[in-house]
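Undergrad: Pasting a predicted model and its sequence here:
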Amino acid sequence: MKITVTIEDALYEKALEFADPAMDDSDVISKAIKTFIRMKASKRLIALGGSLPQMQEIAHRSGN
């Protein structure tokens, strides 16, 4: 999809400070949108945390 977006200069410059130098404008915006989606999905899952208290605990794999 192709869209036009207006972003504050200072905000975009700050994003570029954290971006990989090889990223182009569309990569920076796509990464920001993906991060926003993950953050909102995580908050939604956290909010549901207490709604299934009888649910069996899920085993987590060790990072070792």
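TA: Now that the structure is in, tell me what you want to look at.

Undergrad: pLDDT wise, what is Met55 at?
TA: With respect to pLDDT, Met55 scores 68.

Undergrad: cool, and Ala15?
TA: Ala15 is given a pLDDT of 92.

Undergrad: got it, and the one 4 residues further on?
TA: pLDDT for Ala19: 91.

Undergrad: what residues are up against it?
TA: The contact partners of Ala19, taken as C-beta atoms under 8 Å, 6 or more residues apart in numbering, are Asp27, Val28, Lys31. The way it works is simple: take the backbone N, C-alpha and C, and place the C-beta from them, glycine included.

Undergrad: any idea which of these is closest to Val5?
TA: Using C-beta to C-beta, Val28 is the member of the contacts of Ala19 that lies nearest Val5, at 10.9 Å.

Undergrad: Can you report how many residues neighbour Asp20?
TA: Residues near Asp20, counting by other C-beta atoms under 10 Å, number 8.

Undergrad: Appreciated, that's everything.
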